[in-house]
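*Asks:* requesting a structural model of the entry that follows:
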Amino acid sequence: MPKAHTPGSFTKNFSWHKSYKKLHAAIHNGFSSGLVPVVRERWRERSRISDANRELIPLNFFLQSMRGLNEDFVVVDRLVERTFVPYDSDFAKLALFAFHMAASGTWHHSKWPDGRVAGWANEFIRDVAWESGQWRSRAFTEHDLKAFLNECIDGEAVTKRKVLTNYRYMLASAGILIDDRVQETDVRAPWVTDATQLFWDRQIFSGVLHRSSSAKDFEAAFFRQEIYKLLACTAEQGRAIALTTYRDYSERILPTRIEQMEKLRLLLAA
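*Replies:* Model (predicted):
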């Protein structure tokens, strides 16, 4: 595997403190004006994160941006909506899913035109960690993870070490990695539905899915990006998740996202 990925600001310690409460609060603060798109620089000002480099961790690794003619906007999706209700462990797992999804969008002067700021993490889960419908605990050990990062991260040894440490701590903070053992996914947990909705949200904002897309198009996108692997479940379980989630999504959420997208086009062209 070639060394194709840059670590970005992920070398910075976000001070997780064994939870994702700080991320939850920062995202909510950034959208303090409500569930409406916000200019990236304004989001940074509102986030209440005291360090300019750490402001980029939520922005570049967890949220989705869209490039406008003059300004860039952070969009409202399922992850953002979840910060408008009290924090819980499901939010942590949803945020980790967003990180693994590596779909951060585009903005002026971005070093990642494809939006895959955490592309290395997406490849790790899909190509290395997932096996026979679950994540292998061995893949997340320091030894195996170090070997993977040495191959795919372009940076000095100290940089790769910081990425490894931060990533493992983030997994532990989400309750996914406990005593070097990966915890099994409960496919009936609310975050699994939220994650599938979040994926489709970002496919809509990226222009892959749109108003005329059929249920088969939504399912095809789910499997094309191997979302079931990010959920740590089998392809069969993933198909059932996509089917049941789409019923609610198409009736309750999709019309709102399409309306948001139409309004966004006006903002981006301004």
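
*Asks:* C-alpha only now, for contacts and for neighbours.
*Replies:* Fine.

*Asks:* so residue 241 touches residue 193, yeah?
*Replies:* Yes: between residue 241 and residue 193 there is a contact at 7.2 Å, judged by C-alpha atoms under 8 Å.

*Asks:* which element is the most centrally placed residue in the chain on?
*Replies:* Nearest to the mean C-alpha position of the chain, by C-alpha atoms, centre = their mean, lies residue 98 at 1.6 Å. Assigned by DSSP states H and E, residue 98 falls within helix 89-101.

*Asks:* wouldn't residue 44 be in contact with residue 32 here?
*Replies:* No: counting by C-alpha under 8 Å, residue 44 stays clear of residue 32, with 11.5 Å between them.

*Asks:* more neighbours: those two, which one.
*Replies:* Each of residue 44 and residue 32 has its neighbours counted (other C-alpha atoms under 10 Å); residue 44 has more, 23 against 15.

*Asks:* list the contacts of that one.
*Replies:* Taking C-alpha atoms under 8 Å, 6 or more residues apart in numbering, we find residue 44 in contact with 30, 55.

*Asks:* and if you look at residue 206?
*Replies:* Applying C-alpha under 8 Å, 6+ apart, we find residue 206 in contact with residue 105.

*Asks:* separation between it and residue 10?
*Replies:* According to C-alpha to C-alpha, to the nearest Å, residue 206 stands 23 Å off from residue 10.

*Asks:* now do residue 170
*Replies:* Counting by C-alpha to C-alpha - residue 170 and residue 10 are separated by 11 Å.

*Asks:* cool, residue 175 as well?
*Replies:* For residue 175 relative to residue 10 (C-alpha to C-alpha), the value is 20 Å.

*Asks:* quick one, which of the two is more surrounded?
*Replies:* Using other C-alpha under 10 Å as the criterion, residue 175 and residue 10 rank with residue 10 on top: 22 against 17.

*Asks:* just to check, the more buried one is in contact with residue 163?
*Replies:* Yes: in this structure, residue 10 is within contact of residue 163 by C-alpha under 8 Å, at 6.3 Å.
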